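In: Just to be clear, the model below is a prediction. Sequence and coordinates:
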Amino acid sequence: MSPASRTVQRFWRFQGPDKDPGSALGRPSARLARATARRALRFARPYRSRLAIYVGLLLVSAIGTASVPLITGQLINHGAARGRPDVVVALGALAVMAGLVSTAAASLGGWLGSTIGLGVTYDLRVTLYRHLQQLPLAFFMRSQSGAVQSRVNNDVIDAQALVQTVFGNLASQVVSLVVAVAAMWALSPLITAVSMVGAPLLLLPARRLGPTLRSFGRQQAMENARMNALLSERFNVQGAMLFSLAGRPDQDLDVFANKAADLRSAVMGRNATYRKAAFFFGSLATLAYGAVYLLGGWQAARGNLSVGTLVALAGLVAVAYEPLQAFAQGGVNVGPGLVAFERVFEVLDFPPAVAGPARPLPLPKPVSGVEFEQVSFRHPTATQATLASLMAPEATSRDHAGWALTDVSFQARAGTMTALVGPSGAGKTTVTLLVPRFYDPQVGKVRVSGVDVRELELPELRREVGMVTQDTYLLNDTLAANLRLFKPEASAGEVLDALERACLGALLMLLPDGMGTMVGDRGYRLSGGEKQRVALARVFLAQPSVVVLDEATAHLDSQTEAAVQAALEVEGAGRTLIVVAHRLSTVRKADQILVLDKGSIIEQGRHADLLAHGIMYPALYRADFEQPRPGKTSTHGRRR
């Protein structure tokens, strides 16, 4: 059976999706919804003064709206029925004025309510973004980028719809309802009671359909996130190239079509539930109108009710039931909006693994170096790193990470180069990630300038640590914007100087718009070596105290690499250089070389000493320089 057919079958049965969409939040509950609503209201506290004005405007609008039927009734009773055109003109003008005042107050109130709602969602989005900035690197390594983007975009937009419903509609409808019912009661308590007898029934859809809509809303949000994740993977330069090379466009289209069908099913179910609620609301309103006309007409025919009062009651019941329907519909709409808030709060409640200290210590200047003291570290598991709802559906969280580093101790002093070498998976990159505190070790301490990095303010620490990795990431912006990322205030002369030192002067001459040239998505208009040199120039421009290079020259040819190495020697004067390299030609001049294997330092010394007395280092050196590799000549004249 197709998803659409299942949705139609569920239409007249109060059912939600076929299955729980798998959110870490679990099944929706009234208790969770109330807790979420209370938490969401906290974001409205900064707007209390505006809310007071907003409520005042709504009251004026409601009174004006309710006044029009009352004035109309008086116009009929005391003007038209008695042949008094002066009264008709006067009361008609008064009704017009009341309507205009009501419209003006409603428009101004709607604008103010909209600004309050936009302010609340702006604060929510900024709070979420700020929290994401504080989350560890492992969070983004485990999460699907499209799913994270969905929380910031789609879910906040859905939350905004709820806020707009509350501040733009529900509040005004409540005030209008109270005023209209009070006016009706003053005219005829009996007709008011009869016409409002069905009003409590309007609460039934919210109670019965609310959980269903929350389920559909959660499923829709999940399917939206999966769709965003798929698009994020497919439609970037690497993804487009990968799936093009796979040569299976029809199969890839089927994957997308299946996800689109799942999203369509969730939206159809949500819309069908709304239509059912609208049918119920409209039927009750029609019965209320009928009650007023039948009972009021019967009383008017017997002379117990004037025609003008009957007309006024008919107008007021319309005024009353419009907000009643809107209020009930808003109650139905609240469920999906609360799901969006739940999903946003789910991310906000995820604790940052690396948090700044309450009272940070100042970083001593100049920075004297980096020290590892008996550091042992293991990467967080999937459960510890991210939320299950942000991972791919097939991902498992039952992984057990072993120790990536074990009892690592060394000192890298300012003005020296420390090289990290070893086989793949030895822990070299992990060491570099602990320096700017992307992770904290479970055992031991990492110090910069003699201070434990956990005692330093994170932004200050990271401004003093410059990193260049093998896989360089550039923004889809101009070359100048990418270079100034770490130092926005840099002058054009400083930028050009950094480019020259990174051996990019010739490239700059070839670019069509010079510094204003767009580098493309992730910098794919540049070659791998050019991107690495841009990253190096970015670090040269920022001039950090500690420079970490993780295979930073892997994509450079031998001549350019030699020029960059010479520039690094100049740049390294007075700075702490930590270099990870597989090509040992780049580390022969290092002041100390640390040989890592299986997360431990097994050899340590200078190049000549390790070559003469080491075990693993000579083997790595021979593999790098002496093993023939077809098609490439080494700097020693051998084929590599």
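Out: Cool, got the structure.
In: check contacts around the residue lying closest to residue 457 once chain neighbours are set aside.
Out: Once flanking residues are discounted, residue 457 sits nearest to residue 360: 3.9 Å by Cβ to Cβ, 6 or more residues apart in numbering. For glycine as for every other residue, the C-beta is placed from the backbone atoms N, C-alpha and C. Counting by Cβ atoms under 8 Å, 6 or more residues apart in numbering, residue 360 touches 455-457, 460.
In: one more time with 10 Å, if that's ok
Out: Counting by Cβ atoms under 10 Å, 6 or more residues apart in numbering, residue 360 makes contact with 451, 454-461.
In: what does residue 611 give?
Out: 584, 588, 593, 605, 617-618, 621-622.
In: distance of it from residue 582?
Out: According to Cβ to Cβ, to the nearest Å, residue 611 and residue 582 sit 17 Å apart.
In: again, but for residue 437
Out: Separation of residue 437 from residue 582 (Cβ to Cβ) stands at 25 Å.
In: Looking at the two, which has the bigger crowd around it?
Out: residue 437 (21 against 17; other Cβ atoms under 10 Å).
In: Phi, psi for the more buried one please.
Out: Here is the backbone geometry of residue 437 (degrees, to the nearest 10): phi 60, psi 50.
In: mind checking how far the residue nearest to it when sequence neighbours are not counted is from residue 354?
Out: Nearest non-adjacent residue to residue 437, counting by Cβ to Cβ, 6+ apart: residue 453, 4.7 Å away. Residue 453 sits 9 Å away from residue 354, going by Cβ to Cβ.
In: What backbone torsions are found at the residue lying closest to residue 386 once chain neighbours are set aside?
Out: Closest residue in space to residue 386, ignoring its immediate chain neighbours: residue 142 at 4.0 Å, by Cβ to Cβ, 6+ apart. Taking degrees, to the nearest 10, you get phi -90, psi -30 for the backbone angles of residue 142.
In: still on that earlier bit, pick out the most distant pair among the contacts of residue 611.
Out: Using Cβ to Cβ, the pair of the contacts of residue 611 lying farthest apart is 605 and 622, separated by 17.2 Å.
In: Looking at those two, which is more packed in?
Out: Remark: of residue 605 and residue 622, residue 605 carries more neighbours, 17 against 12, as counted by other Cβ under 10 Å.
In: and the more buried one, what are its phi and psi?
Out: Per degrees, to the nearest 10, the backbone of residue 605 is at phi 160, psi -170.
In: got a list of what it touches?
Out: Residue 605 touches 590, 592-595, 611-614, 617, counting by Cβ under 10 Å, 6+ apart.
In: shaky segments in this protein?
Out: The chain contains residues with pLDDT under 70 at 1-33, 161, 164-173, 202-211, 213-214, 236-242, 244-247, 323-336, 393-401, 625-640.
In: domain assignment for this protein?
Out: 30-224+269-348, 404-437+458-625 (automatic domain parsing).
In: okay, the ones you listed in a markdown table with distance to residue 368 next?
Out: Listed next are the domains of the chain as a markdown table, based on distance: least, Cβ to Cβ, whole Å:
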| stretch | distance to residue 368 |
| --- | --- |
| domain 30-224+269-348 | 26 |
| domain 404-437+458-625 | 5 |
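In: hmm, back to that, and the contacts of residue 611 as JSON lines, adding secondary structure and distance to residue 278?
Out: Putting these into JSON lines (DSSP: H, G, I helix; E, B strand; the rest coil; distance: Cβ to Cβ, whole Å) gives the following:
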{"residue": "584", "secondary structure": "helix", "distance to residue 278": "73"}
{"residue": "588", "secondary structure": "coil", "distance to residue 278": "77"}
{"residue": "593", "secondary structure": "strand", "distance to residue 278": "74"}
{"residue": "605", "secondary structure": "strand", "distance to residue 278": "79"}
{"residue": "617", "secondary structure": "helix", "distance to residue 278": "76"}
{"residue": "618", "secondary structure": "helix", "distance to residue 278": "80"}
{"residue": "621", "secondary structure": "helix", "distance to residue 278": "77"}
{"residue": "622", "secondary structure": "helix", "distance to residue 278": "78"}
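In: Mind checking which of these are buried?
Out: 584, 593, 605, 617, 621 (16 or more other Cβ atoms under 10 Å).
In: Spit out the contact partners of the last one.
Out: Applying Cβ under 10 Å, 6+ apart, we find residue 621 in contact with 421, 584-585, 588, 607, 610-611, 614.
In: ok, so of those, who is nearest residue 442?
Out: residue 421 (24.7 Å).
In: so which helix or strand takes in the closest residue to that closest one other than its chain neighbours?
Out: Leaving aside its chain neighbours, residue 421 sits nearest to residue 595 (5.6 Å; criterion: Cβ to Cβ, 6+ apart). Here residue 595, judged by DSSP states H and E, is contained in strand 592-597.
In: if we can go back for a sec, give me the distance between the residue nearest to residue 437 and residue 376.
Out: 16 Å.
In: How is the nearest residue to residue 590 once chain neighbours are set aside assigned, secondary-structure-wise?
Out: The shortest distance from residue 590 to any non-neighbouring residue, by Cβ to Cβ, 6+ apart, is to residue 419 (3.9 Å). Following DSSP: H, G, I helix; E, B strand; the rest coil, we place residue 419 in the strand state.
In: between the strand holding residue 595 and strand 417-421, what angle do the directions make?
Out: 20 degrees (axes from the mean of the first three to the mean of the last three Cα atoms, to 10 degrees).
In: Tell me which other helices or strands strand 592-597 touches.
Out: In terms of contacts (3 or more Cβ pairs under 10 Å, 6 or more residues apart in numbering; DSSP states H and E), strand 592-597 is packed against strand 403-413, strand 417-421, helix 428-434, strand 576-580, strand 600-605, helix 607-613, helix 616-625.
In: Same list (those) but as CSV, adding distance to residue 543.
Out: As requested, the helices and strands packed on strand 592-597 are exported to CSV (distance: least, Cβ to Cβ, whole Å):
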stretch, distance to residue 543
strand 403-413, 18
strand 417-421, 17
helix 428-434, 19
strand 576-580, 13
strand 600-605, 29
helix 607-613, 28
helix 616-625, 31
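In: what about residue 616, neighbour count?
Out: For residue 616, using other Cβ under 10 Å, the count is 17.
In: I'd like to know how many residues surround the residue nearest to it when sequence neighbours are not counted.
Out: Nearest non-adjacent residue to residue 616, counting by Cβ to Cβ, 6+ apart: residue 595, 5.3 Å away. Taking other Cβ under 10 Å as the criterion, the count of residues near residue 595 is 24.
In: list the contacts for residue 595?
Out: Here residue 595 is in contact with 419-423, 426, 428, 601-605, 610, 614-617, 619-620 (Cβ under 10 Å, 6+ apart).
In: If we use 6 Å, what do you get?
Out: Taking Cβ atoms under 6 Å, 6 or more residues apart in numbering, we find residue 595 in contact with 421-422, 602-603, 616-617.
In: Specify the beta-bridge partners of the closest residue in space to residue 613 that isn't next to it in sequence.
Out: The shortest distance from residue 613 to any non-neighbouring residue, by Cβ to Cβ, 6+ apart, is to residue 605 (7.5 Å). Beta-bridge partners for residue 605, by DSSP bridges, are residue 593.
In: and residue 605, how far is that from residue 593?
Out: For residue 605 relative to residue 593 (Cβ to Cβ), the value is 6 Å.
In: Next: residue 353.
Out: From residue 353 to residue 593 the distance is 31 Å (Cβ to Cβ).
In: Same question for residue 606.
Out: Residue 606 is 7 Å from residue 593, by Cβ to Cβ.
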